[in-house]
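[1] Sequence plus predicted model, see below.
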Amino acid sequence: GGKGTQCARIVEKYGYTHLSAGDLLRDERKRPGSQYGELIENYIKEGEIVPVEITISLLKRAMDQTMAANSQKNKFLIDGFPRNEDNLQGWNKTMDGKADVSFVLFFDCDNEICIGRCLERGKSSGRSDDNRESLEKRIHTYLQSTKPIIDLYERMGKVRKVDASKSVDEVFENVVQIFDKEG
């Protein structure tokens, strides 16, 4: 089952606030008068990682707004971040003492299965990056930049791995086991 679907279920069951770095960037790109719009569009189209200052300022803004509206809402499920070393350093610098990473949920999925799912999604998503060329670029970026971050969190004992090639329900069962244990 797709990452978005799983995140929605986690929110429903555990009351987390879901923040998708990608969605925040896509929303900002559409926001009239955004100083970042065009820049974000170019990075996304090339399958590249948007500069860390932009992504973190959007994440922090969303977190602050959520907690301002309801101080109880202080558990966040951040999706699609950090994607590279630069992201991680920026996060550590900005969020030091403000937010604590309890664990990293890693959806492990075979490349071809993932490409197939994204191409399928592309038929209806209207996303400019749901095509084979952008997807190949994203996988290359992932292996080059994101995999080392997962490995780093792995060494800190913070990675919880889920086999994402299974059915939506099977994947969620696995996710629930992890969240129940981490509390």
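    Received it, and whenever you're ready, just let me know what you need.
[2] rest of the way, CA atoms for contacts and neighbours
    Will do.
[3] So for stretch 98-116, mean pLDDT?
    Averaging pLDDT along stretch 98-116 yields 86.
[4] And it, what's buried?
    Using 16 or more other Cα atoms under 10 Å as the test for burial, stretch 98-116 gives 103-105, 107, 109, 114-115.
[5] Run through the residues that contact the residue nearest to E53 when sequence neighbours are not counted.
    What sits nearest to E53 in space, not counting adjacent residues and going by Cα to Cα, 6 or more residues apart in numbering, is G90, at 7.2 Å. When contacts are counted by Cα atoms under 8 Å, 6 or more residues apart in numbering, G90 touches 52-53, 56.
[6] Is there a quick PyMOL command that grabs whichever of those are buried?
    Applying 16+ other Cα under 10 Å to the contacts of G90, the buried members can be selected in PyMOL as follows:
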select buried, resi 52+56
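[7] Rebuild the contacts of G90 as CSV, extending it with pLDDT.
    Putting those into CSV (pLDDT from 0 to 100) gives the following:
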residue, pLDDT
V52, 91
E53, 92
I56, 94
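[8] Can you add distance to R29 and give the contacts of G90 back as CSV?
    Below are the contacts of G90 laid out as CSV (distance: Cα to Cα, whole Å):
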residue, distance to R29
V52, 15
E53, 15
I56, 15
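[9] Now the most centrally placed residue in the chain: phi and psi?
    Closest residue to the average C-alpha location of the chain: G80 at 1.6 Å, with Cα atoms, centre = their mean. The phi and psi values for G80, taken as degrees, to the nearest 10, are phi 80, psi 30.
[10] still on that earlier bit, kindly indicate which of the buried residues of stretch 98-116 lies nearest I178.
    L105 (8.8 Å; Cα to Cα).
[11] Can you list the buried residues in stretch 33-40?
    Across stretch 33-40, burial judged by 16+ other Cα under 10 Å covers 37, 40.
[12] follow-up on the earlier one: give me the secondary structure label for the residue nearest to E53.
    State at G90, reduced to three classes by DSSP: H, G, I helix; E, B strand; the rest coil: helix.
[13] ranges for the helices of this protein?
    Taking DSSP state H as the criterion, the chain contains helices spanning 3-14, 21-30, 37-45, 52-69, 85-95, 111-125, 132-141, 147-155, 168-182.
[14] gap between the closest residue to I56 other than its chain neighbours and E48?
    Among residues not flanking I56 along the chain, W91 sits closest, at 6.9 Å (Cα to Cα, 6+ apart). Distance from W91 to E48, counting by Cα to Cα, to the nearest Å: 18 Å.
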